[in-house]
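Asks: below: sequence and its predicted model.
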Amino acid sequence: MPMQRIHNFRISSSPMPARTERARSMHATTCQRKGTLPWRGFTLVELIIAIAVVAILARIAYPSYIEYLKRGNRSAAQSLMLDLANREQQYLLDNRAFLGGGASAVTTLIPSGVPQEVSAYYTMTITATGGPPPTFEVKATPKVGTVMAGETAFTIDQDGTKLPAGKWQGR
């Protein structure tokens, strides 16, 4: 009596055809080439769990990334503001007055213009009064429609007073 084998979940009374030696070697070569693994893929539950983990990580990471961008943009603007304040002090020594005039004063003090990383997010202005004593204020106002929108404007004046203080401490 021939040996019974399970095939497609049915018991078959006919024996399965024997493989030739060539078919066996081709099958072995194909399996080695494809690097077949003991499983065929992921189950739907595993896929949903993986997507949920990625979504949770993205939900946590995205706000941190936005804060990182804001700190970087704010730092670039503050660096430019400190440079403008120093240039205003030099202008006072040379001309016995501070240079005012809004955004045009900025381009006068920095002939190369406001760097792109600052001008994309902030509008820089300088306001000066004749005094006595003469004063100036450099102000960075966040542009609407950028990542910095909704932030408060910050300033530095002739005495080095930086407002608001919390924005100048790297927060």
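Replies: That came through fine.
Asks: next helix or strand past the helix ranked longest in the chain?
Replies: The longest helix of the chain (DSSP state H) is helix 44-95. Moving toward the C-terminus from helix 44-95, the next helix or strand (DSSP states H and E) is helix 103-109.
Asks: how far away is the residue positioned nearest the centre of the chain from residue 93?
Replies: Residue closest to the average C-alpha location in the chain (Cα atoms, centre = their mean): residue 65, at 5.2 Å. Remark: distance between residue 65 and residue 93 (Cβ to Cβ, to the nearest Å) = 43 Å. Where you see a C-beta, it was placed from the backbone N, CA and C, and this is true even at glycine.
Asks: mean confidence score for stretch 97-114?
Replies: For stretch 97-114, the mean pLDDT works out to 84.
Asks: so where's this protein shaky on pLDDT?
Replies: 1-39, 170-171 (pLDDT under 70).
Asks: repeat the analysis, applying 80 as the threshold.
Replies: 1-40, 130-131, 169-171 (pLDDT under 80).
Asks: ok now stretch 132-145, how far from the chain's centre?
Replies: 27 Å (Cα atoms, centre = their mean, to the nearest Å).
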